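# this one's structure only:
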């Protein structure tokens with residue numbers, strides 16, 4: 001099923017993915033069973049490993065297990081988490097555990113299990129250049145096999161960029177100093193950190209909270225001072241109420257995508273607690289642990305909000321952190337042995353994109369103009385993963401919406417939907433302009449059904465006739481129309 005088509009004795013893939021994170025790994029798993037569809041996914045890493053620097057023993061996902069690689073698109077897939085649990089002897093322990101949220105280590109193990117079964121992945125291949133042959137409508141993907149050092153070029157008709165996000169580091173942070181590090185490398189640096197007399201964690205998201213909690217557990221053993229500083233006005237929790245979760249739905253993506261770029265930018269700025277907050281349970285665990293530690297030891301621990309980092313001075317045996325208190329406009333300094341930046345991640349177009357960059361669409365702000373079906377180019381050949389916060393809203397980084405995005409991409413590539421795509425699942429209405437349209441549709445449907453029933457009764461009042469279902473139209477996620485069959489005299493649901 002992954003055997004590529006041949007054209008003039010050359011191998012041409014229908015689809016080629018660059019980068020194998022959870023989103024492209026899910027796309028690979030959903031693509032492999034499709035008959036006659038040839039695809040290949042490339043990654044410079046030698047094997048799948050999801051954020052190894054943050055695989056803390058106590059950390060867990062913020063989405064339920066059903067946000068695995070395939071379930072929300074194909075619950076019968078053999079690549080589901082539940083099948084992984086069954087095949088590895090964990091299904092009953094998972095059942096007894098009664099917790100929908102997987103440990104991050106287990107999710108990584110699950111993804112590695114899937115990656116080892118798929119035949120359409122190639123690890124250890126670093127892509128260096130992309131080119132487009134307009135005459136043939138074919139992309140040339142050139143790179144180097146990291147094991148052999150040999151160059152190679154793959155040919156394909158469609159591309160999916162899944163290179164992921166990179167650690168965000170503020171301009172005023174001297175990353176050349178080994179005492180300053182990003183949370184992405186925390187596990188590799190943990191032993192070094194705990195040898196310091198003072199550690200400062202900066203940031204107010206989930207990663208910063210997990211690192212602070214992890215270091216807090218050993219604070220009395222190693223005797224270091226532990227500081228947690230953030231420019232945020234508080235350590236705010238991730239909002240996880242059910243009606244709020246409907247904002248990670250196809251309905252909200254439709255609404256958000258149709259807004260102007262200016263309105264989308266303002267919305268995202270005000271929605272940080274919906275995708276950047278800390279798990280409420282972890283916040284409570286941190287408080288409880290602080291309380292317990294203070295009962296038995298005089299720990300040196302400081303938490304401070306509303307402070308923006310201005311500069312890090314690296315001279316001497318200590319780092320000097322200079323902050324500005326945002327509410328009081330008060331300058332303060334903090335001495336520390338090491339700094340962990342929990343400042344998050346950002347998307348950057350990879351360097352190898354330069355050869356086809358002129359074909360990619362950008363908005364007036366220089367950001368990717370990502371289409372509703374996640375395409376980014378003028379022809380509809382190139383798609384992107386996890387880069388659409390500014391166009392598709394908070395669903396973009398959400399693992400639970402990965403299957404929806406992949407099913408939508410497959411529909412755009414194939415011209416049909418190999419997996420059913422839910423286009424409306426929310427109880428609430430986000431776009432008030434559609435209320436009148438639905439009312440008009442309801443009135444029209446009711447009138448048509450009544451008229452049809454009257455005519456039908458007049459012709460055959462005493463017996464039923466076999467009638468073919470009537471066809472109605474609805475809008476697909478990609479914007480096209482698809483036929484929906486309705487039983488006679490029934491309104492569309």
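On my side now, so go ahead. Bear in mind that the values here come from a model prediction, so they are computed numbers and not experimental data.

# which parts of stretch 326-340 are buried?
Within stretch 326-340, the residues scored as buried using 16 or more other C-beta atoms under 10 Å are 334, 336-340. To be clear about C-beta, it is placed using only N, CA and C from the backbone, and glycine gets the same treatment.

# if you look at those, which of them are in strands?
Residues of the buried residues of stretch 326-340 located in strands (DSSP state E): 334, 336, 338-340.

# and of these, the nearest to residue 114?
Of all those, residue 114 sits closest to residue 340, with 31.0 Å by C-beta to C-beta.

# need the contact list for the closest one.
Contact analysis of residue 340 by C-beta atoms under 8 Å, 6 or more residues apart in numbering lists 181-183, 186, 189, 193, 199-202, 208, 211.

# Can I get the buried part of those as one PyMOL selection?
To isolate the buried ones among the contacts of residue 340 in PyMOL, judged by 16+ other C-beta under 10 Å, type:
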select buried, resi 181+182+183+186+189+193+199+200+201+202+208+211
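
# Restricted to helices, list the contacts of residue 340.
Among the contacts of residue 340, DSSP state H puts 186, 189, 193, 208, 211 in helices.

# give me the number of residues near residue 106?
18 (other C-beta atoms under 10 Å).

# give me phi/psi at it?
Residue 106 adopts backbone torsions of phi -70, psi -40, taken as degrees, to the nearest 10.

# any idea how far residue 61 is from it?
Residue 106 is 9 Å from residue 61, where distance means C-beta to C-beta, to the nearest Å.

# repeat for residue 133
With C-beta to C-beta as the criterion, residue 133 and residue 61 are 42 Å apart.

# out of those two, which sits in the busier spot?
residue 61 (18 against 10).

# residues in contact with that one?
Residue 61 sits in contact with 67, 101-104, 107, 399, where contact means C-beta under 8 Å, 6+ apart.

# if you set the cut-off to 7 Å instead, what comes out?
Counting by C-beta atoms under 7 Å, 6 or more residues apart in numbering, residue 61 makes contact with 101-102, 104, 107, 399.

# the strands in the stretch 201-350 of the chain, which residues?
225-229, 301-304, 307-313, 319-325, 330-336, 338-341, 345-346 (DSSP state E, counting those that start in this stretch).

# so residue 360 bridges to which residues?
residue 377 (DSSP bridges).

# I'd assumed residue 377 was in contact with it.
Yes: using C-beta atoms under 7 Å, residue 360 is in contact with residue 377, at 5.3 Å.

# Just put the ones in helices among the contacts of residue 340 in TSV and tack on pLDDT and distance to residue 177.
Shown next, in TSV, are the ones in helices among the contacts of residue 340 (pLDDT from 0 to 100; distance: C-beta to C-beta, whole Å):
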residue	pLDDT	distance to residue 177
186	97	16
189	96	13
193	97	14
208	97	20
211	98	19
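
# Strands of the stretch 1-150 of the chain, start to end?
5-7, 10-18, 39-43, 121-123, 125-133, 138-145.

# Check those strands for me and report the most buried one.
Among the strands of the stretch 1-150 of the chain, ranked by average contacts under mean count of other C-beta atoms under 10 Å, first place goes to strand 39-43 (a mean of 24).

# ok, residues contacting that one?
Residues contacting strand 39-43 (C-beta under 7 Å, 6+ apart): 2, 13-20, 24, 28, 31, 120-123, 125, 127, 143, 154.

# and it, which strands flank it?
Partners of strand 39-43, by DSSP bridges, with direction: strand 10-18 (parallel), strand 121-123 (parallel).

# Need those strands in CSV (columns: mean pLDDT).
CSV is the format used below for the strands paired with strand 39-43 (pLDDT from 0 to 100):
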stretch, mean pLDDT
strand 10-18, 95
strand 121-123, 98
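
# Out of those strands, which is closest to residue 259?
Of all these, strand 10-18 comes closest under C-beta to C-beta, at 29.1 Å.

# of the ones in strands among the buried residues of stretch 326-340, the lowest pLDDT goes to which?
Ranked by pLDDT, those bottom out at residue 334 (93).
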